[in-house]
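S.K.: My questions concern the predicted model and sequence given below.
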Amino acid sequence: MTGQVGRQEAARSAGVQVIWDIFHYGSPDHVDQGSLHFIDAYASFAAEAVRVHRSIAGTPPLLCSLNEISFFAWAVEVGYFPRVGPNKRGWFKRHLVKAAIAGSCNAGDRPRLQICLGRALIPIAPRDRTRSERRRAEIARQGQFEAHDMLLGRVEPELGGSEDVVDVVGLNLYPHNQWFENGPTIPRGHHEYRDLSEMLLEVAHRYGKPMFHCRDRLRGIRRAGLAPATRCVPLWVSEHRSRVFACNGLPGLGQFASCRGGVIFGHPRGWHTPPPSARRGRNWCVSKICSRQTGRADCVATHRKGEHPL
């Protein structure tokens, strides 16, 4: 936890609450992610992360306990990530759900402790209008909700899920997140391309929980869909206390190009400053501090009560 201490001290000195992503696919080599020991080890780690945060900040943290369960499970099943556990479709997703539930239950003080789970928005369209093709595409599209439905105990309650396992729904958006069933991606402007506002409303009505747009890799003209989304959902959002925003951009890592998403964009060669009308001074300053401490620019800084980050 040595590195974490420095990041938390930076956040405390800046007066900002950070959403801490405590499990983003990786684990120590001695922990077999396909074993029952992984669930116990992760639950213990989550509890320790909360304890360390309390010792520094004196308040419960806001945690993303296990990032993008569905993508993680898919990546293992198709060999994009190293395979673990039995070669059985759906097994690893349920294994991760059990781990996330154990971590949430072991983290301590609810309801003050807030648990958010990030997931990608994945619209899938049929390649033609035949009944069988539309049915296959809809089944595939509904799969994006499966992990959260399990966590909330709405399906397969024997896994231990319940409504209080997830407090906040985080939503990730990518330029290649829409595709035809077993086909290519859907280009923006195509009649099957779904607007972000439509997807946000579907998630809001499905879960009825606070939500936020926590990550995107949209670039250039693709980002044009974000502004209409923030105009189309304010009434529902204000009534249900949900918030939709992207705070920070993400610098290019490896083969990925830099993404100027959100209000603030950080880059190793310097910071991009948006016009004054598009930022708030406090959030701008705080996000720079947190990003310098972590070496990354995807830390999400929540706004002070009564302020809107955009």
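M.R.: On my side now, so go ahead. Numbers count the residues shown, from 1 in each chain.
S.K.: Could you use CA atoms for every contact and neighbour count after this?
M.R.: Noted.
S.K.: Now the terminal residues of stretch 164-182, how far apart.
M.R.: 35 Å (Cα to Cα, to the nearest Å).
S.K.: before we move on, what about stretch 160-179?
M.R.: End-to-end for stretch 160-179, by Cα to Cα: 32 Å.
S.K.: pLDDT averaged over that stretch - what is it?
M.R.: Mean pLDDT, stretch 160-179: 88.
S.K.: so where's the chain uncertain?
M.R.: 108-113, 214-310 (pLDDT under 70).
S.K.: Stretch 78-96: which residues count as buried?
M.R.: In terms of neighbour count (16 or more other Cα atoms under 10 Å), stretch 78-96 has its buried residues at 83, 92, 93, 94, 95, 96.
S.K.: what does stretch 142-159 give?
M.R.: Result for stretch 142-159 [16+ other Cα under 10 Å]: buried residues 144, 145, 146, 147, 148, 149, 150, 151, 152, 153, 159.
S.K.: swap in stretch 168-184?
M.R.: Result for stretch 168-184 [16+ other Cα under 10 Å]: buried residues 168, 169, 170, 171, 172, 173, 178, 179, 180, 181.
S.K.: For stretch 118-127, C-alpha coordinates in CSV please.
M.R.: In CSV, the C-alpha atoms belonging to stretch 118-127 read as follows (Å, rounded to 0.1, in the frame of the first residue of the first chain):
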residue,chain,number,x,y,z
GLY,A,118,-17.7,0.2,-14.0
ARG,A,119,-19.1,-1.4,-17.2
ALA,A,120,-18.9,-0.7,-20.9
LEU,A,121,-21.9,0.4,-22.9
ILE,A,122,-22.2,-2.2,-25.7
PRO,A,123,-25.1,-1.8,-28.3
ILE,A,124,-25.3,-4.7,-30.7
ALA,A,125,-27.4,-4.5,-33.8
PRO,A,126,-28.7,-7.3,-36.2
ARG,A,127,-27.1,-7.6,-39.6
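S.K.: contacting residues for the closest residue to residue 53 other than its chain neighbours?
M.R.: Nearest non-adjacent residue to residue 53, counting by Cα to Cα, 6 or more residues apart in numbering: residue 61, 6.5 Å away. Neighbour list for residue 61: 17, 18, 19, 20, 50, 53, 54, 113, 114 [criterion: Cα atoms under 8 Å, 6 or more residues apart in numbering].
S.K.: circling back to that earlier point, now for the buried residues of stretch 78-96, which pair is the farthest apart?
M.R.: By the measure Cα to Cα, 83 and 94 form the most distant pair in these, at 14.9 Å.
S.K.: Now, the buried residues of stretch 142-159 that are in helices?
M.R.: 146, 147, 148, 149, 150, 151 (DSSP state H).
S.K.: Give me the spatial nearest neighbour of the fourth one, chain neighbours excluded.
M.R.: With Cα to Cα, 6+ apart as the measure, residue 155 is the residue that lies nearest to residue 149, at 5.8 Å, once sequence neighbours are left out.
S.K.: Cool, thanks, signing off.
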